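Make a model of this:
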Amino acid sequence: MNTADAPDAAPAYRPDIEGLRALAVIAVLLFHLGFAPASGGFVGVDVFFVISGFLIGGIVVREVEAGTFRLGDYLARRLRRIVPVMLVVLVVVSLLAAILLLPVELTEYAWSLGSSALFVSNMHFWINRGAYAQSEHEVLLHMWTLGVEGQFYLLLPLVVLGLMKLGRGGLWLGLVALSVGSAILSLQLHPAISFYLLPVRLWEFLAGMLVAITPLPMLKARWVREGLALLGLALILYAVTSFNAETPFPGWRAAFPSFGAAAIIAAGANGASLVGRLLVLPPVRFVGRISYSLYLWHWPVIVLLLLGLPAGAMDLSLGLVATGVSFALAVLSWRYVEEPFRRRSVPLRPLLMASGAATAGLLAAACAMVLTAGLPQRFSERGRAIAAAMDYPLDEVFRSGTCFIHHRSQQFDAEACLERGTGRSEVLLIGDSHAAHLGPGLRKNFPGSAISQVTAAGCRPAMTYPPSRYAFCTSLMQWALGEHRAENPPSLVVLAARWEEGDLAALGALLAKLRDDGQAVLVVGPAAEWAQFVPRLLTLAHERGQQPALPDALLSESRRTLDRQMAQLVQENGAAYVSLLAIQCDPACDYFGPSGAPLVVDDSHFTREASELLTQNFTHPVLARTVP
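Residues are numbered from 1 along each chain as shown. Below is the predicted model of the structure:
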C-alpha cells in the first residue's frame, strides 16, 4: 500500500492529506493490535486507496494534459517511492521467519514472499486463503494491498491516455463509467474476489481521481466545506468503530471510508476547515509521513511476536511493545531508506540493478524454502513429526464439498450424505465444521445407527440467522431442521457447532421447538480451544522442553464457562448433553492419540483419530454400537 508520495511530485503539497494518511494507518494498527474500539480499523486501507487515486491519478492527468507525461519517468517515481523500503522489510522479515516459523508455515510464507516481491500477493491470498486449518497469523498478509496498488499504477496510464483522447469530458465520463462498473462488480462477486482483486477495488481509486479532476466551486463557501469535511471524518470514524471482522466487506459498506476520504480531500482542496486544521498538526503529519514504513512493519512485528513467544493475543503490555518496535523501525526505514531514494540521492540505474538483484534474491530464497519443505532440519525428528499435523487433510474429515459446504459454489449432496431406509436408527448430525469433524467418529463407533450429515461453514444450528457472510447457511439449516426432518423424521438429532455465548438464545428457541415436536435431541458442547494452532504449540513445547505447560497456558478458559451455560440450557429444554470439553480436558487435556500424532489440527478441529477416540464417550439410547 503506497501511503505517501513525494511532495515534489504534485503541484501543490497537501499537508492535510499527510494527516489523513496518519488517521488511516493508526486505524489499521489499532485494529491489528486488537483494540476493541477500532474493530473496523481495516477500512484504513480503503482510505489509502482513495488517497492514491487522488494523488497519482491527478498527477498523471495533469502531465498528460500538459504534454509532459513520460511513462519511464512515471514508473521511476513509483519505483523510488515503493520498492526500496519494501525490499528492506521483506529481507529482514524473511530472516526472522526462517528462525521462528515451523516448516509448514515457512513453506506457506515462501509463496507469499515470492508473490509479494512480484506485486501479485493479492492474487496469491485470493486463491489460497479461506481453507480450514488456516492461521490468521500470515506474516505477509498485509502485502495484498501493495499488489492492488502496484497493479493500479500499471493500469492508470493506459486508462488516462485512452480516455484523454476523448477530451476532459470523455475522461470524466469514462472514469464514472469505470467506477460504477467496478462498484457493481464488488456487490455481485464473491466477497474474497471483491476484497483482494483490483477490478472490484478500482472504484475506490477512481473516487479519488474524480475528486482530483472535478471542479467543485460550491466548496469555496466556508460552511459547505466545513460540513463536508466533518461528514467525511464522521463516515470514516463510523466505519472504524462500527464495523468488525465479521462485517461483510467490502461491498456497499466500503462506501463509508471511501466517500469519507474523498470528502475530506475535496474539502481540503478548496480551503481550510476544522478537520483540516486537526490533520495538519505536527504530530499527526509526522505519523502520516512515516505511514508507508509503519504499515509495512507493523503487521510482521505483531505476528512474529505472537508466534515467537508464543502468545494468544495482544494484551496491553505486548501491544505497547509491538507499537514501539513498529514505530522505531518505521522511523529508521523512513529516514535511511525512503527519504534518500525519494529525494533521488541514488541514481536510477544503480537503483534498478540493486532492486532487481534484491528481488531475485528474495525469489531464490522463496524457492529454497519451498523446495526444502520449509527447512525442516531446524527441528528435531519428533518436532518435525508433530509440526506435520498442521498440514493435515481436514477436508477429508469434514467431507468437504458434499456433506460440508464452505463455499457458495458448492452444493450439498443429499444422496451421499443422508442415510434413509437402512433399517437402523437414523441420526441427523447438524451444524458447522465442529459438527462435521464428529462425523467420522460417530460412523465408526455407532455402526448400528445410520448417521446423516448436514453441515456448512459458520452454520450454528438455528431456524433464524442474522446477516451472515455465508449466504447458503440459512437456507440449508432451515431445510434440514424443517422440511427434511418433517419428511424423514430421524430417531435423534445431534446438534454441534463452534458455539458462542451469543448462540444461546437461538439454541434455546430451537430446542423448545424440537421438544414440542417430540424430537429426541443430543447437544454436543463446545470443544476445547487454544489461542494458537495446537501442533505449533506442541512442536515448540517439545523443542523447548515445556510440554504440556506451553499449550495449557494458551487454552481458552472461556469455553468452560460456555460449557456450563449450555449444559444448563439443554437440561431446561429436556434434551441430552455431551460435554466435549470434559472428554478432552478433564482432568488434563489429551494432546496426542495412540498413534503419537496430535489430536487437534488447528486451534480446535479434530483429526480423524481424535474424532473416533473422543466420540467413543458419547452415550444416548439411540446411538447403537452394534448393528441390529
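
All the strands of the stretch 451-600 of the chain, in order from the start?
For the stretch 451-600 of the chain, applying DSSP state E, counting those that start in this stretch gives strands covering 492-496, 521-524, 576-578.

contacts for the shortest one?
Residues from elsewhere that reach strand 576-578, judged by Cβ atoms under 8 Å, 6 or more residues apart in numbering: 520-525, 566-567, 570-571, 617-620. Heads up, the C-betas are built off the backbone N, CA and C, glycines and all.

Out of the strands of the stretch 451-600 of the chain, which one sits most buried?
strand 492-496 (a mean of 26; mean count of other Cβ atoms under 10 Å).

Quick one: list the elements packing against it.
On a contact count with 3 or more Cβ pairs under 8 Å, 6 or more residues apart in numbering; DSSP states H and E, strand 492-496 meets strand 425-431, helix 433-436, helix 504-516, strand 521-524.

Adding mean pLDDT, write those out as CSV.
Below are the helices and strands packed on strand 492-496 laid out as CSV (pLDDT from 0 to 100):
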stretch, mean pLDDT
strand 425-431, 96
helix 433-436, 97
helix 504-516, 95
strand 521-524, 98
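
returning to what we had before: which of the contacts of strand 576-578 tops the neighbour count?
residue 524 (27 neighbours; other Cβ atoms under 10 Å).

Report the buried residues of stretch 223-231.
Residues 225, 226, 228, 229, 230, 231 are the ones in stretch 223-231 that count as buried (16 or more other Cβ atoms under 10 Å).

Can you tell me the element the fifth one falls in?
With elements delineated by DSSP states H and E, residue 230 resides in helix 222-242, which encompasses its position.

ok, residues contacting that helix?
By Cβ under 8 Å, 6+ apart, the surrounding residues in contact with helix 222-242 are 23, 27, 31, 37-41, 43-44, 47, 218-219, 253, 256-257, 259-264, 266-268, 270-271, 273-276.

Give me the buried stretch members for whichever helix or strand comes after it, please.
Per DSSP H and E, the first helix or strand lying C-terminal to helix 222-242 is helix 255-268. For helix 255-268, the neighbour count (16+ other Cβ under 10 Å) marks 255-268 as buried.

For helix 255-268, what is the distance to the chain centroid?
Helix 255-268 has its C-alpha centroid displaced from the chain centroid by 25 Å (Cα atoms, centre = their mean, to the nearest Å).

Packing partners of it?
Helices and strands touching helix 255-268, by 3+ Cβ pairs under 8 Å, 6+ apart, are helix 15-32, helix 44-52, helix 198-213, helix 222-242, helix 274-279.

per-domain residue ranges of this structure.
Listed domain ranges for the chain are 7-378, 391-617 (source: automatic domain parsing).

Of those, which is nearest residue 625?
Set against residue 625 and scored by Cβ to Cβ, the domains of the chain come closest in domain 391-617, at 5.8 Å.

could you dump the strands of the stretch 451-600 of the chain to TSV with distance to residue 505?
As requested, the strands of the stretch 451-600 of the chain are exported to TSV (distance: least, Cβ to Cβ, whole Å):
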stretch	distance to residue 505
strand 492-496	15
strand 521-524	15
strand 576-578	17
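
Residue 119 is nearest to which of those strands?
Closest approach to residue 119 among those (Cβ to Cβ): strand 492-496, 43.1 Å.

what's the following helix or strand after the top helix by length along the chain?
Counting by DSSP state H, the longest helix found in the chain is helix 71-100. Proceeding N to C from helix 71-100, the next assigned helix or strand is helix 103-117, under DSSP H and E.

Report all helices and strands that the helix-or-strand element of the chain with minimal mean pLDDT contacts.
The least trusted helix or strand in the chain, going by mean pLDDT, DSSP states H and E, turns out to be helix 191-196, with a mean of 80. Judged by 3+ Cβ pairs under 8 Å, 6+ apart, helix 191-196 is in contact with helix 121-128, helix 167-188, helix 198-213.

Go ahead and measure how far that helix is from the middle of the chain.
With Cα atoms, centre = their mean as the basis, helix 191-196 stands 11 Å off its chain's centre.

Pull the residues that contact it.
For helix 191-196, using Cβ under 8 Å, 6+ apart, the contacting residues are 122-123, 125-126, 129-130, 144, 148, 185-187, 200-201, 248-251, 469.

related to what we said a few turns ago, want to try TSV for the buried residues of stretch 223-231, with pLDDT as columns?
What follows is the buried residues of stretch 223-231, written out as TSV (pLDDT from 0 to 100):
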residue	pLDDT
225	95
226	96
228	97
229	97
230	98
231	98
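
contacting residues around the residue lying closest to residue 219 once chain neighbours are set aside?
Closest residue to residue 219 apart from its sequence neighbours, by Cβ to Cβ, 6 or more residues apart in numbering: residue 270 at 3.7 Å. Residues in contact with residue 270 (Cβ under 8 Å, 6+ apart) are 216, 219, 220, 225.

Can you pull out the low-pLDDT segments for the stretch 51-200 of the chain?
Counting by pLDDT under 70, the stretch 51-200 of the chain shows low-confidence ranges at 130-135, 190-191.

Likewise for the chain?
The chain contains residues with pLDDT under 70 at 1-12, 130-135, 190-191, 465-471.

Give me the most central residue, it.
residue 136 (6.6 Å; Cα atoms, centre = their mean).

can you tell me the helix or strand for it?
Per DSSP H and E, there is no helix or strand for residue 136.

I'd guessed residue 326 sits against residue 305; true?
No: Residue 326 is beyond contact range of residue 305, at 10.1 Å (criterion: Cβ atoms under 8 Å).

More neighbours: which of the two?
Counting neighbours by other Cβ under 10 Å for residue 326 and for residue 305 shows that residue 326 has the greater number, 23 against 18.

Let me know the helix or strand that the closest residue to the more buried one other than its chain neighbours is in.
Nearest residue to residue 326, sequence neighbours excluded (Cβ to Cβ, 6+ apart): residue 298, at 4.1 Å. Taking DSSP H and E as the criterion, residue 298 maps to helix 291-308.

That helix packs against which elements?
helix 15-32, helix 71-100, helix 316-333.

what's the span of stretch 391-409 from first residue to last?
With Cα to Cα, to the nearest Å applied, stretch 391-409 spans 24 Å between its terminal residues.

what's the spacing between the helix holding residue 230 and its chain's center?
Averaged C-alpha coordinates place helix 222-242 at 27 Å from its chain's average position (Cα atoms, centre = their mean).

and the angle for it with helix 255-268?
Angle between the axes of helix 222-242 and helix 255-268 is 150 degrees (criterion: axes from the mean of the first three to the mean of the last three Cα atoms, to 10 degrees).

For the helices and strands packed on helix 191-196, give me TSV that also has mean neighbour count and distance to residue 109.
Putting the helices and strands packed on helix 191-196 into TSV (neighbours: other Cβ atoms under 10 Å; distance: least, Cβ to Cβ, whole Å) gives the following:
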stretch	mean neighbour count	distance to residue 109
helix 121-128	20	11
helix 167-188	16	29
helix 198-213	24	24
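
Of all these, which one is nearest residue 595?
For the helices and strands packed on helix 191-196, the distance to residue 595 is smallest for helix 121-128, at 28.8 Å, taking Cβ to Cβ.

so after that closest one, what's the next helix or strand?
Past helix 121-128, the next helix or strand by DSSP H and E is helix 144-163.
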